[in-house]
Every structure is written in structure tokens, then in C-alpha cells.
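Undergrad: sequence plus the predicted model coming up.
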Amino acid sequence: MTTYTNFGLIDVIGKKYIKDSYMSVEDGLIREVGLMAQLEPGRLAGAVDLKGKTVMPGMFNTHIHALSSPIAAPESLNGETSGMFALRGLRHLQQHLASGVTFVRDMNGRKLAEVDLKNAVRLGLFEAPDLQICRQCLCMTGGHGCNTGRECDGPVDCKKAAREQIKGGADFVKIMATGGVNSDTRPEYSQLDLEEMTAAITEAHRAGKKTATHAHGKAGIKTAVLAGIDSVEHGSFIDDECIELMLARGTALCPTLSTHYFTEKFGVAAGIAPWKVEKSKIAAEAQHIGLEKAWKAGIPITIGTDAGTPYNPHWGTFMEFVLFVEDMGFDPMDTLAAGTIVSAKVCGVDDRMGSVTPGKQADFIVLSESPLVNIRTLGEVEQVYKKGKLVCLPPIDRSVTD
């Protein structure tokens, strides 16, 4: 058993900062958490002294594209082999882990490389965050995601497509409800309809799987919620009616502010197509208004970045936290909860991850200062522990996005 002492703890369940804390870890699990005053003096011998540091759960990123490279046009690499995609995916997963992210959810695969990647992670073949995959997203013929997803039309075909993903190892099923920013489709327009989405979602739930939908436009969001979706990804044009429906049904939202931030930051000058930049600006402006309403209304909101979109790095999860606090004005503690325990609940893993709690996996990060005081300290994680082991990976080169 290893004991860590003298740190400040971010309690994301009780939403409080607890000074002078200690924690004991054994066999990859957290065994004890308490105050230093409660720790027997004899147990200080051999303890890891974290005096002056802050400890919090490892960050979650509930929306990434692990096999996608954050360059100006990620789709330009779609012709690569499955092996190359897997190698890129390994690099990206390790960038997530080295930056303090201990759980990720992949939102669309490439040539089934994501299946092998997930299996390798679960076999412990290399250091990486816990990984959930959807395998292929389900999209209408010619719709957003059709270059890599499973095109399906009509309820019967959509049901079959969902079954295919589950049979092939999907942890959840992703459905495309609207067009998108990074394809030649209109993000505000709906794509798969109510009957199609209901068929796929019902099949996923029957198999005990969660579901998520790519949805920008308000009509597509409403349709997906009525069909029974568990989480809405992006939600750029969300309105009051969407929020009311989501509250009534317990639907979560993952806004992915980072994708718009990085697209606009790098822009046309860095090679991003002008039409992508323009659509991103329009979506971002609408999203700021809708997200503020959703947050105030109490919609469960997760942290996800859409990493792998143009210049949106796999080491940049911290930026989503920064945008929540500095751009949206959200409370830092609530933001930290969104990126840990709330995300864990939405992904169905809160029984074993998402907080520094006895019995859960010892996935935690060590910071030089409290993110409640300086949220940007999440971009300078000092140490990462995965299942109780100190992560030892090469330093991240932040001079490049990939």
C-alpha cells in the first residue's frame, strides 16, 4: 500500500476543496481518503509527501477522434492503412494520458483500427487512458460522417447497423442527427429521422449500451432526444424547447467548445478551408447563447473537445475547462465536476471512476496549484497516476498540434 500525504483534495462529489488530505492506494484502487489529522503517525514512513500540491481525479474527455490527426484537413489521411491509423491512435491516446486525461470516448473509428486499439488498451499492452469506442457512427447515405461511418437508411437498416457495431465491439452507439461543420453538409439541417434513430437507439439500449448523437441543429437535437438518445454532442443551435425536452428525459450535453476555438484560432491562414471556418463561427456564436441556458437549467454537461478536428490537439483537453470558466463564465468547481464525475456518470463508469473515492480506480493527477484559483494549471499537470501507477511518458511537444 502506498500513502500520499499533505495535499489539497478536489472533492468533485461534495464540491469542496479539502486541505491537509491523505490517500492510500493498493492494487490499483483507492483504499482510503481522509484528513492528515486522522492518519496514524507510524504510516508516515515511506509515504509520498505532496505538500503544497493539489490532487484531483484524472480528467475525462468524452468526445475525441483518437485516429484523426489535428491538421488542417484530417480527412486527407483517410486513405491510410489500418495499421497507420492504429499507430496514430496510440500516439494520440498517450498524448491524452500524459496531459492528465485518464478516460476518453472515441466518436468514430477508421478501418476498425479503433477496435484493436481498444483491445490493446484493455490488455495493458501500453500506457493509455481507459477507452470507449462506438466503432462506426451511423449516418444517412451521403450524410455527415459518410466517408468513414456506416451509411444506413430506414428503420430496419439502422437497427441492423446498430447491431453490427455492437457485435463488432462498440461500447456505445453514435448516431448522426444533423449535418456538420467539417463536411459539405449543413449543420443546422436534420439527417436521420425519428423512426431511424429510434430503431438504432432502441437496439443499443436493448444491448445495455449508451448512445450519443452528433447534432448541431435544433430540429435534429429534438428528434434525437425524442428518440431516446443519452447524450447530445455539440448542440450548437440548442434552444429552450430542446433544453426542456432534455431536462425531462435526463439527456446530457457535450458542447465541444474547443473545436470552434481552434478552428478560429488557426483559420484560413493555417490551411483550413474557408467554408469550415465560416460555418464554425456561425455555430460558435449560437452555441454560446444556448450553452449558457443549458448550464443554468441544470442539463448534465460533460467535457469533450472533439480532438482530432483541425488543429484541435489530443493534448488540449485543459482548454475546454478554460473555455468553460474564462469564456462562458462557469463556476470552476462545477466545471471540474463536469469534466470528472458528471462525465463518468454520462459514460456509465461512475461506479469505478470520476472521483477520488475509496473503492474506485486510482486515477488521479497532481497539480502545482488549485485549478479553483487558476483553471489553466490543468494545462501544466505535474504527475499523472493511472490505476495507482505513476505514468512515465515522453514530454508533450506543444509546439505542434499533432
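TA: That came in fine, so what should we check first?

Undergrad: let me know the pLDDT of residue 400.
TA: At residue 400 the predicted local confidence, pLDDT, stands at 89.

Undergrad: which helix or strand contains it?
TA: With elements delineated by DSSP states H and E, residue 400 resides in a region that no helix or strand encompasses.

Undergrad: now do it against residue 210, distance only.
TA: Separation of residue 400 from residue 210 (CB to CB, to the nearest Å) stands at 33 Å. Every C-beta, even on glycine, is put in place using the N, C-alpha and C of the backbone.

Undergrad: out of those two, which sits in the more crowded spot?
TA: Counting neighbours by other CB atoms under 10 Å for residue 400 and for residue 210 shows that residue 210 has the greater number, 21 against 11.

Undergrad: hang on, that one packs against residue 348?
TA: Yes: in terms of CB atoms under 8 Å, residue 210 counts as a neighbour of residue 348; the distance is 5.6 Å.

Undergrad: which ones are touching the closest residue to residue 379 other than its chain neighbours?
TA: Residue nearest to residue 379 in three dimensions, not counting chain neighbours: residue 318, with 3.9 Å by CB to CB, 6 or more residues apart in numbering. Counting by CB atoms under 8 Å, 6 or more residues apart in numbering, residue 318 makes contact with 59, 99, 100, 376, 378, 379.

Undergrad: got the domain ranges for the protein?
TA: Split into domains by automatic domain parsing, the chain comes to 2-57+356-390, 59-346.

Undergrad: and residue 322, its phi and psi?
TA: Comment: the main-chain dihedrals of residue 322 come out as phi -60, psi -40, following degrees, to the nearest 10.

Undergrad: now the helix or strand residue 103 falls within: how far from the chain's centre is it?
TA: Residue 103 belongs to strand 101-106 when assigned by DSSP H and E. Between the mean C-alpha location of strand 101-106 and the chain-wide mean there is a distance of 6 Å, by CA atoms, centre = their mean, to the nearest Å.

Undergrad: show the subsequent helix or strand relative to it.
TA: Following strand 101-106 toward the C-terminus (DSSP H and E): helix 113-122.

Undergrad: okay, that next one in CSV with CA atoms only?
TA: Below are the C-alpha coordinates for helix 113-122, written out as CSV (Å, rounded to 0.1, in the frame of the first residue of the first chain):
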residue,chain,number,x,y,z
ALA,A,113,-8.2,0.2,-36.1
GLU,A,114,-10.1,1.5,-33.1
VAL,A,115,-11.2,-2.0,-32.2
ASP,A,116,-7.6,-3.3,-32.0
LEU,A,117,-6.6,-0.1,-30.2
LYS,A,118,-9.2,-0.6,-27.5
ASN,A,119,-8.4,-4.3,-27.1
ALA,A,120,-4.7,-3.5,-26.7
VAL,A,121,-5.5,-0.9,-24.1
ARG,A,122,-7.6,-3.3,-22.1
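
Undergrad: helices and strands around it, which ones?
TA: Contact analysis of helix 113-122 by 3 or more CB pairs under 8 Å, 6 or more residues apart in numbering; DSSP states H and E lists helix 82-98, strand 130-133 as its packing neighbours.

Undergrad: partner strands of the last one and their direction?
TA: The reference is to strand 130-133. Each strand pairing with strand 130-133, determined using DSSP bridges, is listed with its direction: strand 101-106 (parallel).

Undergrad: thinking again about what came up before, just name the most buried of the domains of the chain.
TA: Counting by mean count of other CB atoms under 10 Å, domain 59-346 has the highest mean neighbour count of the domains of the chain, with a mean of 22.

Undergrad: what's the span of that domain from first residue to last?
TA: Chord length of domain 59-346, first to last residue, is 14 Å (CA to CA, to the nearest Å).

Undergrad: quick one, phi psi at the residue nearest to residue 209 when sequence neighbours are not counted?
TA: Leaving out its chain neighbours, the residue that sits closest to residue 209 by CB to CB, 6+ apart is residue 172, at 5.3 Å. In terms of degrees, to the nearest 10, the main-chain angles of residue 172 are phi -150, psi 170.

Undergrad: from residue 275, how far off is residue 172?
TA: When CB to CB is the yardstick, residue 172 and residue 275 sit 30 Å from each other.

Undergrad: go on, residue 261?
TA: In this view, residue 261 and residue 275 are 18 Å apart by CB to CB.

Undergrad: for residue 131, same thing?
TA: Applying CB to CB, one obtains 32 Å for the distance of residue 131 from residue 275.

Undergrad: secondary structure class for residue 162?
TA: For residue 162, the assignment made with DSSP: H, G, I helix; E, B strand; the rest coil gives helix.

Undergrad: same check, this time on the one 3 residues further on
TA: Reducing the assignment to helix, strand or coil with three-state DSSP, the entry for residue 165 is helix.

Undergrad: residues in contact with it?
TA: Residue 165 makes contact with 134, 135, 136, 138, 150, 173, according to CB under 8 Å, 6+ apart.

Undergrad: can you name the residues bridging to the fourth one?
TA: Beta-bridge pairing of residue 138 under DSSP bridges involves residue 150, residue 175.

Undergrad: coming back round to it: and of the helices and strands packed on helix 113-122, who's closest to residue 192?
TA: Within these, the stretch nearest residue 192 is strand 130-133; the backing value is 20.1 Å (CB to CB).

Undergrad: just the residues contacting the closest one, thanks.
TA: 66, 93, 102-106, 109, 114-115, 117-118, 121-122, 169-172, 347, 349, 353, 363.

Undergrad: ok, stretch 321-341 next?
TA: Around stretch 321-341, the neighbours that count as contacts under CB under 8 Å, 6+ apart are 10, 12-13, 15-17, 56-60, 257-258, 261, 288, 291-292, 295, 301-303, 317, 320, 350, 354-355, 371-372, 375-376, 378-379.
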